[in-house]
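Asks: Here is my input, please return the structure:
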Amino acid sequence: MELWSTGIHIYDAYKKEYFQLWAMLFCTINDFPAYGNLSAYSMKGKKACPICEENTHSIWLTNCKKLAFMGHRRELAKNHPYCKNSDLFDGTIEDRKLPPPLDEETTLSKAANINVVLGKKGFGPPKGIWKKKSIFWKLPYWKHLRVRHCLDVMHIEKNVCESLIGLLLNIPGKTKDGIKVRRDMELMNIKLELQPEDIDGRSTKFLPPACYTMLKVEKTKFCQCLHGIKVPSANIRKLVSMKDLKLLGMKSHDCHVLMTQMIPIAIRGILPNRIRHTITKLCLFFNIIHSKVIDPDVLDEYQRDIILTLCKLEMYFPPSFFDVMVHLVSHIVGEIKACGPVFLRYMYPFERYMGILKGYVRNLNRPEGSIVEGYASEEVIEFCTNYMDEFKSVWIPQSRHEGRLSGQGTLGCKSGNSNVADYQEVHFNVLQHTTSIDLYIQEHMSLLRQQNRKRVQNGWQNNIKKLFQNG
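Replies: As a prediction, this is how the structure comes out:
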């Protein structure tokens, strides 16, 4: 509040003068539990989506004893054929309209009159979706912000990846398919061909294979593909267990590489086309939103594509797959419109720095003091190494190419003869990729179009290289 109202007096070392510095809190970025603590919104229950709030659509699965957040068909067009098809979705016909987003005054009025007295003698938080009035509402500009707490795309991507891998490989404890969800689908009167069947003389049930069910041979091919991939960005090979046919110990960046690059490659030729194409579109969406340059004009198209992809996933996947993290995927594009590209709000640097701070802890009874002592010791050592040439800096790894880019090569000198045609070919390719020559190429192309209107386009394009070089 001080930085916003009065500012602070700061010295500018470059201009050698003092100036008044003002600042504002643009937004916060946390994982989902911390999101609830800061925003004072309840992240559990039927209204767990902090963006939809009261308009959150959820279904209680009786046998699974969990909530499924489906209902993405309401964001489609009213005359879309998916809206009238109930058997392939949640058993209902979708005739609702997408409610408008809540304005700032409505959100503030819901949390303004909540008075929570904490402690043993207090009454505790209320039973509504708002637990208390957040302290951030004291900021005079907070109610005017469109996005106050950003979604953590890193953890959303990680949870979606783990759910997808667990369902495809049928990993025990992580799969979203089983006898319980099959019974829930029977109660919902959907996907009747997947109902559990009795086996003569046995107490167990037979689960008919679904369209996403993979045989042992297909699981082996899937794991062998991931096990054989070697890329510098991530070591996926160490995550694959060929014995158990599952993935273990996936970190956030591992899930990012899997979702954006490797899963579409691994499922080729294994799953049916409709399932494979839908999963590939989901992976393509995560790949697109991580781009550093995004055209604002195509964001509406991205939103329509991801909603259609989620609706197709509802047709194929069991309801237990659609937890709140899968639902939050539908709100990522809206936050990109308001806050810019996703890479500006990554949690990766903060998570990595937290790992460095945790490494300073030597006394578990005094973690804060250990962090302060370790940080101060590193600062002192780093300052001393600036005056010692023979010592290396702390936490700065040495490049793998150090000492290999200078001096004589190890393979010796290789010489060769090139003719004039090869030289002209290389010279023309360099000219084509030069910005300053692009205007001359466009002018030459327009001149050829005027002179060769009756000829086929490929005819004069084949001679453009010779004409351009001679001209």
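Asks: For the closest residue to Trp22 other than its chain neighbours, give me its contacts.
Replies: Distances taken as C-beta to C-beta, 6 or more residues apart in numbering place Gly7 nearest to Trp22, at 4.3 Å, with adjacent residues excluded. For glycine as for every other residue, the C-beta is placed from the backbone atoms N, C-alpha and C. Contact analysis of Gly7 by C-beta atoms under 8 Å, 6 or more residues apart in numbering lists Gln20, Leu21, Trp22, Ala23.
Asks: Now for the second one: which residues touch it?
Replies: I take that to be Leu21. Leu3, Gly7, Ile8, His9, Ile10.
Asks: Farthest pair within those residues?
Replies: Farthest pair in the contacts of Leu21 (C-beta to C-beta) is Leu3 and His9. Separation: 11.9 Å.
Asks: neighbour count winner among the two?
Replies: Leu3 (12 against 9; other C-beta atoms under 10 Å).
Asks: buried sites along the helix or strand where that one lies?
Replies: Under the criterion of DSSP states H and E, Leu3 resides in helix 2-5. For helix 2-5, the neighbour count (16 or more other C-beta atoms under 10 Å) marks no residue as buried.
Asks: Same question for stretch 158-174.
Replies: For stretch 158-174, by 16+ other C-beta under 10 Å, it's 158-171.
Asks: Residues touching it, excluding its own?
Replies: Contacts of stretch 158-174 (C-beta under 8 Å, 6+ apart): 175-177, 212-214, 219, 222-223, 245-247, 250, 252, 255-256, 258-259, 263, 267, 271, 279, 282, 286, 317-318, 321, 323, 325-326, 329.
Asks: mind saving the C-alpha coords of that stretch as PDB?
Replies: Extracted C-alpha coordinates of stretch 158-174, given in PDB (Å, rounded to 0.1, in the frame of the first residue of the first chain):
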ATOM      1  CA  LYS A 158       1.800 -32.000 -14.600                       C
ATOM      2  CA  ASN A 159      -1.500 -33.300 -13.200                       C
ATOM      3  CA  VAL A 160      -3.000 -33.700 -16.600                       C
ATOM      4  CA  CYS A 161       0.100 -35.600 -17.800                       C
ATOM      5  CA  GLU A 162       0.100 -37.900 -14.800                       C
ATOM      6  CA  SER A 163      -3.700 -38.600 -15.200                       C
ATOM      7  CA  LEU A 164      -3.200 -39.300 -18.900                       C
ATOM      8  CA  ILE A 165      -0.200 -41.600 -18.500                       C
ATOM      9  CA  GLY A 166      -2.000 -43.500 -15.600                       C
ATOM     10  CA  LEU A 167      -5.100 -44.100 -17.600                       C
ATOM     11  CA  LEU A 168      -3.300 -45.200 -20.800                       C
ATOM     12  CA  LEU A 169      -0.900 -47.600 -19.000                       C
ATOM     13  CA  ASN A 170      -3.500 -48.600 -16.400                       C
ATOM     14  CA  ILE A 171      -0.900 -47.900 -13.600                       C
ATOM     15  CA  PRO A 172      -2.200 -49.300 -10.200                       C
ATOM     16  CA  GLY A 173      -3.100 -46.500  -7.900                       C
ATOM     17  CA  LYS A 174      -3.000 -43.900 -10.700                       C
END
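Asks: ok so, going back, inside strands: which ones of the contacts of Gly7?
Replies: Counting by DSSP state E, these place Gln20, Leu21 in strands.
Asks: Throw the contacts of Gly7 into a markdown table and include distance to Tyr141 and pLDDT, thanks.
Replies: Shown next, in a markdown table, are these (distance: C-beta to C-beta, whole Å; pLDDT from 0 to 100):
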| residue | distance to Tyr141 | pLDDT |
| --- | --- | --- |
| Gln20 | 18 | 94 |
| Leu21 | 17 | 94 |
| Trp22 | 11 | 94 |
| Ala23 | 11 | 93 |
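Asks: Just give me the closest of the contacts of Gly7 to Val116.
Replies: The closest of those, once distances to Val116 are taken by C-beta to C-beta, is Ala23, at 29.2 Å.
Asks: roughly how far apart are the closest residue to the closest one other than its chain neighbours and Asn386?
Replies: Distances taken as C-beta to C-beta, 6+ apart place Leu3 nearest to Ala23, at 4.2 Å, with adjacent residues excluded. If you measure Leu3 against Asn386 using C-beta to C-beta, to the nearest Å, the figure is 33 Å.
Asks: again with Asn170
Replies: Taking C-beta to C-beta, one finds Asn170 at 56 Å from Asn386.
Asks: next one: Gly173
Replies: From Gly173 to Asn386 the distance is 51 Å (C-beta to C-beta).
Asks: do Ser377 as well
Replies: Per C-beta to C-beta, Ser377 is found 16 Å from Asn386.
Asks: and what of Ser109?
Replies: 56 Å.
Asks: same question, Ile437
Replies: From Ile437 to Asn386 the distance is 47 Å (C-beta to C-beta).
Asks: which residues are contacting stretch 215-234?
Replies: 168-170, 214, 236-237, 239-242, 245-247, 253-254, 257-258, 261-262, 265-267, 269-271.
Asks: ditto for stretch 255-274
Replies: Contacts for stretch 255-274 (C-beta under 8 Å, 6+ apart): 154, 157-158, 160-162, 164-165, 168, 211-212, 214, 218, 221-222, 225-226, 229, 231, 233-234, 236, 250, 276, 279-280, 282-284, 286-287, 290, 312, 316.
Asks: Give the PyMOL command for selecting the buried subset of those.
Replies: Buried residues within the contacts of stretch 255-274, by 16+ other C-beta under 10 Å, are selected in PyMOL with:
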select buried, resi 154+157+158+160+161+162+164+165+168+212+214+218+221+222+225+226+229+234+236+250+276+279+280+282+283+284+286+290+312+316
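Asks: I'd like to know how far Ala234 sits from Lys292.
Replies: 19 Å.
Asks: Inside strands: which ones of the contacts of Leu21?
Replies: Going by DSSP E, the strands hold Ile8, His9, Ile10 from those.
Asks: Put together a markdown table for these, with distance to Tyr302 and pLDDT on each row.
Replies: Shown next, in a markdown table, are the ones in strands among the contacts of Leu21 (distance: C-beta to C-beta, whole Å; pLDDT from 0 to 100):
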| residue | distance to Tyr302 | pLDDT |
| --- | --- | --- |
| Ile8 | 41 | 93 |
| His9 | 45 | 93 |
| Ile10 | 41 | 93 |
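Asks: No further queries at this time; thank you.
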